[in-house]
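Enquirer: fold the following.
(one chain, ligands or ions: 2)
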Amino acid sequence: MSERTLFDKVWDAHTVKILPSGQTQLFIGLHLVHEVTSPQAFSMLRERGLKVLFPDRTVATVDHIVPTENQARPFADDLAEEMMRAIENNAESNDIRFYGIGSGDQGIVHVIAPEQGLTQPGMTIACGDSHTSTHGAFGAIAFGIGTSQVRDVLASQTLALSKLKVRRIEVNGDLKPGVYAKDVILHIIRKLGVKGGVGYAYEYAGTTIERMSMEERMTICNMSIEGGARCGYINPDRITYDYLKGRDFAPKDHENAVKWWESIKSDPDAVYDDVVVFDAADIEPTVTWGITPGQGIGINEPIPTLESLPESERAIAKEAYQYMKLTPGSPIKGTKVDVCFVGSCTNGRIDDLRIAARVAKGHKVAPNVKAFIVPGSERVKKQAEAEGLDRIFVESGFEWREAGCSMCLAMNPDKLSGDQISASSSNRNFKGRQGSASGRTLLMSPAMVVAAAIKGEVTDARELG
Ligand SMILES: CC(C)[C@H](C(=O)O)[C@@H](O)C(=O)O
Ligand code: SF4
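Expert: Ligands and ions are numbered 1, 2, ... in the order given. Modelled structure (predicted):
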């Protein structure tokens, strides 16, 4: 067989058996665990007298509830403290490697696994978290799962899953200056819709993607789930292998590993269920105006009017106009912002912070804007400080915080209040997402978030000077 996709090859290599239901029992190479979706799963395991089957394939950290300012224990929030204790105890009693606060390796689960070389091509990865699709950037098949599936993986290292169709999404050509991976994925989701990927794995390809760094590829794959796809991946190549070489958990015999990694790439004549092609030149710095990640527009476009939208998008647009209190037909540029947040598993890596610092340098955050930068992991924080990025941020008036999910979903003290508007480098703009029932989120790239912080309003970062 020479016409298989990476998805087919990895799926077949991990198939234990076909279940009577028709689903596949799939072996999971790496199970990532965080504090929010694991406590109940561990309890269910205990109730049945079971232990974690493969502790060596299980790695735990804390990210969602971690305060990014005052990390003293016990946490001020009792529920957060309880979750923290639960994961500490569960990790210890099951011999699971656990990266706690101050370990030097703690951080957002989707940031730490790649940076330690745990995420590798050809793997199956699962985590009780929807943005597990991030790991597909390495040519892994990575699924977000629910708590009962977390239990299943802890107990059996397998999952019952239905096979997906594969859509190849090609992006070709040069991106315009000031257009980043975040803009590419916001553009793709805008065009294909937030449900367009249901039933699919997304394979991202084309010259634009091939030229991207691992960090940019992670930004793309991270948001596959926001486009409805169950997972997203990019075929591994020299950029992937170079990134992995020498990392803590990467194979010691690099050359041999590369041979295996090369063999799992999609065949040149692989057959896809669907193919979509985009031209990089059509992509603008993109900002969301609504309440789904698909409601994005180029920085110089007006907020769409109802009449300009296809029938199928009108109901959600009406809901968005009402919630966002923005005027259809008026420009998004110039929209006043209250809070600016750079961070999250989409855009909280070292490259993102380098870009943010480059834009911030020599400027000051506008009065009345609260702006803060949250590194995705303790390692990212350390690296940023070694490069002096923290000083650039602080001199410009940004707060420099500890690692965690922070205001991406505000299960910690970082929250919007009232109907504040945030410019955010995260991945979800759902109603109430950032901690206030009427808080409003505009998704954009880190460069655009920093530009918004400086001007106090949505700005084209390229015009900042
Ligand atoms: C808390 C967790 C289960 C959730 C997820 O699954 O994605 C969170 O990470 C999010 O981004 O909404
Ligand atoms: S950073 Fe945001 S999207 Fe990522 S895991 Fe944390 S809460 Fe979820």
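
Enquirer: per-residue pLDDT, Gly465?
Expert: We have a pLDDT of 73 for Gly465.

Enquirer: scratch that, Gln25
Expert: Predicted confidence (pLDDT) at Gln25: the value is 98.

Enquirer: try Asn256
Expert: According to the per-residue confidence, Asn256 scores 98 in pLDDT.

Enquirer: tally of neighbours for it?
Expert: For Asn256, the number of neighbouring residues by other CB atoms under 10 Å comes to 10. The way it works is simple: take the backbone N, C-alpha and C, and place the C-beta from them, glycine included.

Enquirer: tell me which residues of the helix or strand harbouring it come out buried.
Expert: Assignment of secondary structure by DSSP states H and E places Asn256 within helix 254-263. Taking 16 or more other CB atoms under 10 Å as the neighbour-count basis, helix 254-263 is seen to contain the buried residues Ala257, Val258, Trp261.

Enquirer: assess the claim that the second one and Asp242 are in contact.
Expert: No. In this structure, Val258 is not within contact of Asp242 by CB atoms under 8 Å, at 10.1 Å.

Enquirer: make sure Glu35 is indeed in a strand.
Expert: No. Remark: Glu35 does not belong to a strand; assigned using DSSP: H, G, I helix; E, B strand; the rest coil, it is coil.

Enquirer: which non-adjacent residue is nearest the closest residue to ligand 1 within the stretch 301-450 of the chain?
Expert: Distances between the stretch 301-450 of the chain and ligand 1 by CB to the nearest ligand atom are smallest at Leu409, namely 5.0 Å. If you skip the residues right next to it in sequence, Leu409 has Arg433 as its closest partner in space, 6.1 Å away by CB to CB, 6 or more residues apart in numbering.

Enquirer: still on that earlier bit, what's the next helix or strand after the helix holding Asn256 in contact with?
Expert: Secondary structure here is assigned by DSSP H and E; on that basis, the next helix or strand after helix 254-263 toward the C-terminus is strand 274-279. With contact meaning CB atoms under 8 Å, 6 or more residues apart in numbering, strand 274-279 is reached by 165-173, 187-188, 191-192, 200, 206.

Enquirer: the residues you listed: which two are farthest apart?
Expert: With distance counted by CB to CB, no two of the contacts of strand 274-279 lie farther apart than Lys165 and Gly173, which are 26.4 Å apart.

Enquirer: which non-adjacent residue is nearest the residue in the stretch 251-400 of the chain positioned nearest to ligand 2?
Expert: Closest approach between the stretch 251-400 of the chain and ligand 2, counting by CB to the nearest ligand atom: Cys345, at 3.3 Å. With CB to CB, 6+ apart as the criterion, Cys345 has its nearest non-adjacent residue at 4.0 Å, and that residue is His110.

Enquirer: what about the protein, any weak spots by pLDDT?
Expert: Scanning the chain for pLDDT under 70 picks out 1-2.

Enquirer: now the angle from the longest strand along the chain to strand 274-279?
Expert: Criterion DSSP state E: the longest strand present in the chain is strand 165-172. For strand 165-172 against strand 274-279, the angle between stretch directions is 20 degrees (axes from the mean of the first three to the mean of the last three CA atoms, to 10 degrees).

Enquirer: ok, and what's touching the following helix or strand past strand 165-172?
Expert: The helix or strand immediately downstream of strand 165-172 is helix 181-192, counting by DSSP H and E. For helix 181-192, contacts defined as CB under 8 Å, 6+ apart pick out 169, 171, 175, 196, 208, 212, 215-217, 219-220, 222-223, 226-227, 276, 278, 280, 282-286, 288, 293-297, 346-347, 425, 443-446.

Enquirer: apply 6 Å and report the result again.
Expert: Counting by CB atoms under 6 Å, 6 or more residues apart in numbering, helix 181-192 makes contact with 216, 219-220, 223, 226-227, 283, 285-286, 293-294, 296, 445, all of which sit outside it.

Enquirer: so which of those residues are in strands?
Expert: The strands, defined by DSSP E, take in Thr286, Gly296 from the contacts of helix 181-192.

Enquirer: and the two most separated of the contacts of helix 181-192?
Expert: Put simply, by CB to CB the two of the contacts of helix 181-192 set farthest apart are Glu216 and Gly294, 20.7 Å from each other.

Enquirer: circling back: let's have the buried residues of helix 254-263 in TSV, adding distance to Gly362.
Expert: Formatted as TSV, the buried residues of helix 254-263 follow (distance: CB to CB, whole Å):
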residue	distance to Gly362
Ala257	44
Val258	42
Trp261	42
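
Enquirer: using a markdown table, please lay out those together with distance to ligand 1.
Expert: Formatted as a markdown table, the entries for the buried residues of helix 254-263 read as follows, by distance: CB to the nearest ligand atom, whole Å:
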| residue | distance to ligand 1 |
| --- | --- |
| Ala257 | 30 |
| Val258 | 32 |
| Trp261 | 28 |
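
Enquirer: contact residues of this structure facing ligand 2?
Expert: For the chain, the residues in contact with ligand 2 (CB under 6 Å from any ligand atom) are Asp63, His64, Ile108, Asp129, His131, Ser344, Cys345, Cys405, Cys408, Leu409, Ser426, Asn427.

Enquirer: so the second one makes contact with Met411?
Expert: Meaning His64. Yes. Shown here, His64 and Met411 form a contact pair, counting by CB atoms under 6 Å, at 4.6 Å.

Enquirer: quickly find the element holding Phe372.
Expert: With DSSP H and E as the test, Phe372 turns up in strand 370-373.

Enquirer: contacting residues around Thr132?
Expert: Residues counted as contacts of Thr132 (CB under 6 Å, 6+ apart) are Ala142, Phe143, Gly144.

Enquirer: tell me the phi and psi of the first one?
Expert: Taking degrees, to the nearest 10, you get phi -130, psi 120 for the backbone angles of Ala142.

Enquirer: now the last one
Expert: Phi and psi for Gly144, reported as degrees, to the nearest 10, are phi -80, psi 140.

Enquirer: check which residues of stretch 406-418 are buried.
Expert: Of the residues in stretch 406-418, Ser406, Met407, Cys408, Leu409, Ala410, Met411, Asn412, Pro413, Asp414, Lys415, Leu416 count as buried by neighbour count, 16+ other CB under 10 Å.

Enquirer: got the phi and psi for the fourth one?
Expert: What that stands for is Leu409. Residue torsions, per degrees, to the nearest 10, at Leu409 are phi -140, psi 0.

Enquirer: with Tyr241 instead?
Expert: phi -70, psi -40.

Enquirer: my read is that it contacts Val258, right?
Expert: Yes. With contact defined as CB under 6 Å, Tyr241 counts as touching Val258 (5.2 Å).

Enquirer: which one of the contacts of helix 181-192 is nearest to Ala437?
Expert: Of all the contacts of helix 181-192, Ala437 sits closest to Pro293, with 19.7 Å by CB to CB.

Enquirer: what about Pro331, how many neighbours?
Expert: A count of neighbours around Pro331, defined by other CB under 10 Å, yields 14.

Enquirer: hmm, I typed the wrong one, I wanted Asp174.
Expert: Burial measure for Asp174: 11 neighbouring residues, criterion other CB under 10 Å.

Enquirer: what sits against it?
Expert: Counting by CB under 6 Å, 6+ apart, Asp174 has contacts Ala280.

Enquirer: now swap in Met44 and tell me
Expert: Neighbour list for Met44: Arg151 [criterion: CB under 6 Å, 6+ apart].
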